[in-house]
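Q: From the sequence below, what's the structure:
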Amino acid sequence: MYLLRNIQGLVRGGGGLTWLGRFALLYGLSLSVVAQSPQLRTIQGEETGAPDARGSGGSAGGQQADRQLSGSISGRIIDPAGAVVVEAQVRLARQDLPPIQEMLSDENGQFYFSDLLPGPFQLTITAGGFGAQRVSGILRPGEAYIVPEIGLAVATVLTEVQVGVKLTQVEVAQDQIKEQEKQRVLGFIPNFFVSYVPDAAPLEPKQKFELAWRSTIDPFTFVGVAAIAGVQQATDAFGGYGQGMQGYAKRFGAAYADVFAGTFIGSAILPSLLQQDPRYFYKGTGSVRSRILYALGNTVICKGDNKRWQPNYSGILGTFATGGVSYLYYPASDRDGTALILQNSLIRFGETAFTNVLQEFVIRKLTPRLQHHPPAESR
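A: As a prediction, the model looks like this:
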């Protein structure tokens, strides 16, 4: 109170001070009063809120720093043609930072994740009809990470068909037959009854007849038969047929009948009934001696439809059956009963053995189109 009365006196009388001096003196006295009064200091602090301002200022600064550290991830999704993919599901996973966030791409194919803490991340993008796509990266503090344009690939459609083992073997065997029908020595001589696939699928009866038919109607078969008939004509073999065009025609018909009957009986009918494979399976490995023995042995042994080696009943019986059939159309003067049948059978055995040796050592090298690998049964 004493200080207040002195202040009032100074303001009224002046005491020789100028107005500027009076103002400075009043200001200084007022500061002195405030400093000496705890009550005023307390009130001033409550009114100005200095301590709260300091506290709130620190909190605001921390929140602002957090906002500066957070970042965002955005990108655009397109299909293989370059068109945007709408409503693709975008899944954002953060390493050790749950939860996982998800969103759908907008009408422009874009997505945007905001307020993200820095660190590694992975995006998984899925959409109907497309394969899943994954993108990884590292988000730095305060970074607006723009993912390079994400192109989705069309999903591969896998159709699984449950079928029996036998049906699968039929399909595989059919593919192998198509390859075998391309096998031609020197590019024009048919070589259909040879498999260069060691573990080829067994043939169904229909497929055995198909190979036999294709072999007997091949143009080169007629050329070969014509040549045989010409040699017989020149040497006057089976003289009962006579000479001239009529004799040649009879020899041609008999020779073709031998080929036709031998092929169908020994390579289709009996193999179907006895469940044996009429093909020669190329060995191609081992010593020369072992390969020769293998080739000669294949005149009397063969693979069964169970893929096991067994006596070649089809070939042996087929050879004698063909000789017996030939007895019906050869000239009566040349039908010497069993001698003719035995002769033709032995000739056919010899031809088969010689052909097998050629198959093992010569013919493969002269065949331009070969079946190198078996088609896969199922993939």
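
Q: low-scoring stretches of this structure, by residue?
A: Residue ranges of the chain with pLDDT under 70: 1-68, 157-167, 335-337, 339-340, 369-379.

Q: let's go with 80 and repeat that
A: Residues of the chain meeting the criterion pLDDT under 80: 1-68, 95-99, 155-168, 322-324, 326-327, 332-345, 348, 368-379.

Q: Map the structural domains onto the sequence of it.
A: Split into domains by automatic domain parsing, the chain comes to 2-48, 69-151, 165-366.

Q: Show me where the stretch 1-150 of the chain has its helices.
A: 2-13, 19-36, 38-48, 50-69 (DSSP state H, counting those that start in this stretch).

Q: Tell me who's in contact with Ala332.
A: Neighbouring residues of Ala332 by CB atoms under 8 Å, 6 or more residues apart in numbering: Gly240. For the C-beta atoms, the positions are set from N, CA and C on the backbone; glycine is no exception.

Q: Distance check, it against Gly240.
A: According to CB to CB, to the nearest Å, Ala332 stands 6 Å off from Gly240.

Q: Give me whichever of the domains of the chain is most buried.
A: domain 165-366 (a mean of 17; mean count of other CB atoms under 10 Å).

Q: Tell me who's in contact with the residue nearest to Asn312 when sequence neighbours are not counted.
A: Residue nearest to Asn312 in three dimensions, not counting chain neighbours: Cys302, with 4.0 Å by CB to CB, 6 or more residues apart in numbering. Residues in contact with Cys302 (CB under 8 Å, 6+ apart) are 276-278, 309-312, 314-315.

Q: Quickly find the element holding Cys302.
A: strand 301-303 (DSSP states H and E).

Q: which element follows that strand toward the C-terminus?
A: Criterion used, DSSP H and E; the element after strand 301-303 is strand 309-311.

Q: That following strand pairs with which strands?
A: In the sheet, strand 309-311 lines up against strand 301-303 (antiparallel) (DSSP bridges).

Q: The partner strand: how far from the chain's middle?
A: From the chain centre to the centre of strand 301-303 is a distance of 36 Å (CA atoms, centre = their mean, to the nearest Å).

Q: counting contacts, what elements does the helix or strand Leu317 falls within pack onto?
A: Applying DSSP H and E as the criterion places Leu317 in helix 313-329. Applying 3 or more CB pairs under 8 Å, 6 or more residues apart in numbering; DSSP states H and E, we find helix 313-329 packed against helix 244-264, helix 270-274, helix 338-361.

Q: Now tabulate those in CSV and tack on distance to Val85.
A: Converted to CSV, the helices and strands packed on helix 313-329 look like this (distance: least, CB to CB, whole Å):
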stretch, distance to Val85
helix 244-264, 61
helix 270-274, 57
helix 338-361, 59
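
Q: Among those, which comes closest to Glu149?
A: helix 338-361 (59.5 Å; CB to CB).

Q: pretty sure Leu296 contacts Gln359?
A: No - Leu296 is beyond contact range of Gln359, at 11.5 Å (criterion: CB atoms under 8 Å).

Q: would you put the C-alpha positions of the helix or strand hosting Lys206 in PDB?
A: For Lys206, the host element (DSSP H and E) is helix 205-216. C-alpha atoms of helix 205-216 as PDB (Å, rounded to 0.1, in the frame of the first residue of the first chain):
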ATOM      1  CA  PRO A 205      -6.100-103.900 -80.300                       C
ATOM      2  CA  LYS A 206      -7.500-101.000 -82.400                       C
ATOM      3  CA  GLN A 207      -4.100 -99.400 -82.600                       C
ATOM      4  CA  LYS A 208      -2.400-102.600 -83.600                       C
ATOM      5  CA  PHE A 209      -4.800-102.900 -86.500                       C
ATOM      6  CA  GLU A 210      -4.300 -99.300 -87.400                       C
ATOM      7  CA  LEU A 211      -0.500 -99.800 -87.700                       C
ATOM      8  CA  ALA A 212      -1.100-102.900 -89.800                       C
ATOM      9  CA  TRP A 213      -3.500-101.200 -92.100                       C
ATOM     10  CA  ARG A 214      -1.200 -98.100 -92.600                       C
ATOM     11  CA  SER A 215       1.700-100.400 -93.400                       C
ATOM     12  CA  THR A 216      -0.200-102.600 -96.000                       C
END
